[in-house]
Structures are given as C-alpha cells and as structure tokens.
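Asker: Next come a sequence and a model predicted from it.
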Amino acid sequence: MPSKSTSSSAKAEETGTRILEAALALFREVGFDAASMRDIAVKAQVATGAAYYYYPSKEAMVLDFYERSCVDMEPKLAEALEGAKGLEARLRAVLQVKLAHFGPNRSVLRALLRNGADPKYALSPFSTETKAIRDIDLDWYQKILLDCGIRIPKDLEAELPGVLWFFQMGVIFFWVIDDSAGQKRTAQLLELAVKSVVTLIKAAGLPLMRPLRKTALELIEVVKGE
C-alpha cells in the first residue's frame with residue numbers, strides 16, 4: 001500500500017500536469033497573450049490560487065513544457081538514431097523527432113516567436129532560463145558527430161555542435177511559420193538543407209578550405225560574443 005506522502009506526491013504531479021495541459025490547450029485555442037491564469041485554472045478545474053501555487057506565471061508553464069519536452073524526447077531521439085547511419089541520416093532524424101514532438105503545439109511556438117529572438121525574454125531559446133535545454137541539445141549534436149563517417153577538422157570540432165544547433169533553430173522557425181498544407185515546404189527544406197549542411201561540413205575538411213574555415217571560426221566567435 002503506497003504511503004501517504006507517496007500518494008500526495010502523485011496527486012500533486014497529476015494536478016501540475018493537468019494545469020499545464022489546460023494551459024497548452026488554451027494557448028492553442030486563444031493564444032498565449034489572451035489566456036489568463038484564471039482561464040487556465042477554470043479549464044484545469046482548480047482554484048486560481050492553486051494554479052499560481054504550481055506555476056507563478058504563464059512563462060513558468062511554457063518553461064516547464066520545454067523542460068518536459070526535453071525529457072520526453074530523450075528516448076525518442078535515442079531510438080531514432082539507432083538506425084541512422086552517417087551524419088546526414090542522423091541530423092535528419094534529430095530534426096524529425098523534434099518537429100513531430102512539437103507538432104501538436106506548433107501554434108503555441110508560433111505565438112511565442114514575437115519575442116523569441118530577444119535573449120532577455122525568458123522563453124527565448126537564447127535566454128539564460130533555457131540554457132540547460134540548449135546544453136542538452138548541444139550534447140545530442142556532439143553525439144551525432146562521433147564516428148559519423150566524415151573527417152571533421154580539429155579546429156571546427158568544438159564549434160560544430162553549436163552551428164548545428166543554430167541550423168536546428170532555423171529549421172524550426174521556418175516550420176513554425178510554414179502555412180503550406182501539412183507543412184510540405186518544411187519537409188522539402190529539411191531534405192535539401194540537411195544535404196547542404198553535410199556537404200559543407202565535408203568540404204570544410206579540405207586543405208584548400210583552411211582560409212575560409214578560419215574566417216568562419218572568427219565569425220562564430222563574433223556571433224557568440226566571446
């Protein structure tokens with residue numbers, strides 16, 4: 001028989017999840033800005049104070065959604081990469097898992113794009129608050145580069161996961177605003193863009209590309225602000 005504390009913990013987790021799911025549903029229906037904490041509480045069938053107890057703000061709800069998504073995608077990514085051979089297949093697999101996972105909440109991500117480029121905005125993928133999620137993404141990109149069948153120049157090794165992360169954000173941004181039927185244009189872009197990126201990485205290892213690679217690394221430092 002479960003202890004009282006275990007039961008209370010399970011109930012608290014269930015309530016928190018219900019509030020988050022209600023919030024996401026409202027964000028999809030009326031938009032992030034229009035949904036109020038009171039509306040979310042009503043939809044989750046809890047008191048407004050209870051909603052604030054679990055989440056002090058709507059931004060906290062979205063951050064929790066990001067964090068939960070990160071955890072939920074771990075086994076999906078591992079499974080997708082098991083059968084993916086070569087960098088092109090691996091990169092495509094990672095992006096397909098992410099787009100499939102966020103698909104049901106694509107409209108939520110679209111509503112958040114307004115401030116998404118501002119690193120001071122807590123929900124921006126570039127913010128301090130989302131750094132832990134970025135770091136997990138960077139680890140995945142580091143993994144897909146290991147034994148990928150392409151010789152990666154030593155001076156590029158440390159920076160390439162970050163470059164691939166920026167590439168990921170570009171694909172996601174395009175997908176979020178893609179209004180073609182079933183986001184068909186995103187599927188086309190993904191195929192072409194992944195091939196192009198992998199071709200560029202292969203070319204970067206050629207001796208004659210060393211001067212261009214040096215310039216690219218200097219550009220990366222400027223973008224990073226270091």
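Answerer: All right, it came through fine.

Asker: quick one: low-confidence ranges for the protein?
Answerer: The chain contains residues with pLDDT under 70 at 1-8, 226.

Asker: And the helices in the chain, which stretches?
Answerer: All helices of the chain, identified by DSSP state H, fall at 4-30, 37-44, 48-54, 58-82, 87-102, 106-112, 131-145, 154-157, 160-177, 184-204, 210-224.

Asker: Tell me how far the most centrally placed residue in the chain lies from residue 106.
Answerer: For the chain, the residue sitting closest to the mean C-alpha position, by Cα atoms, centre = their mean, is residue 98 at 6.7 Å. When Cβ to Cβ, to the nearest Å is the yardstick, residue 98 and residue 106 sit 11 Å from each other. The way it works is simple: take the backbone N, C-alpha and C, and place the C-beta from them, glycine included.

Asker: how close does residue 105 get to residue 68?
Answerer: 11 Å.

Asker: Neighbour count: the two, which is higher?
Answerer: residue 105 (17 against 12; other Cβ atoms under 10 Å).

Asker: Surely the more buried one is in contact with residue 28?
Answerer: Yes. Judged on Cβ atoms under 8 Å, residue 105 makes contact with residue 28 at a distance of 6.8 Å.

Asker: Walk me through the domains of this protein.
Answerer: The record's domain parsing of the chain by automatic domain parsing lists 1-56, 58-224.

Asker: Restricting to C-alpha, output stretch 129-139 in CSV.
Answerer: Taking Å, rounded to 0.1, in the frame of the first residue of the first chain, the C-alpha atoms of stretch 129-139 are listed here in CSV:
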residue,chain,number,x,y,z
GLU,A,129,16.5,30.4,-18.4
THR,A,130,16.6,28.0,-21.4
LYS,A,131,20.4,27.4,-21.2
ALA,A,132,20.0,23.9,-19.7
ILE,A,133,17.8,22.8,-22.6
ARG,A,134,20.3,24.3,-25.1
ASP,A,135,23.1,22.3,-23.4
ILE,A,136,21.2,19.1,-23.8
ASP,A,137,20.6,19.8,-27.5
LEU,A,138,24.3,20.6,-27.9
ASP,A,139,25.1,17.2,-26.3
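
Asker: for residue 70, what are its contacts?
Answerer: 133, 136 (Cβ atoms under 8 Å, 6 or more residues apart in numbering).

Asker: ditto for residue 216
Answerer: The neighbours of residue 216, taking Cβ under 8 Å, 6+ apart as the test, are residue 204.

Asker: how near is it to residue 203?
Answerer: Between residue 216 and residue 203 the computed distance is 11 Å (Cβ to Cβ).

Asker: same deal with residue 160?
Answerer: Plainly put, residue 160 is 13 Å away from residue 203 if you go by Cβ to Cβ.
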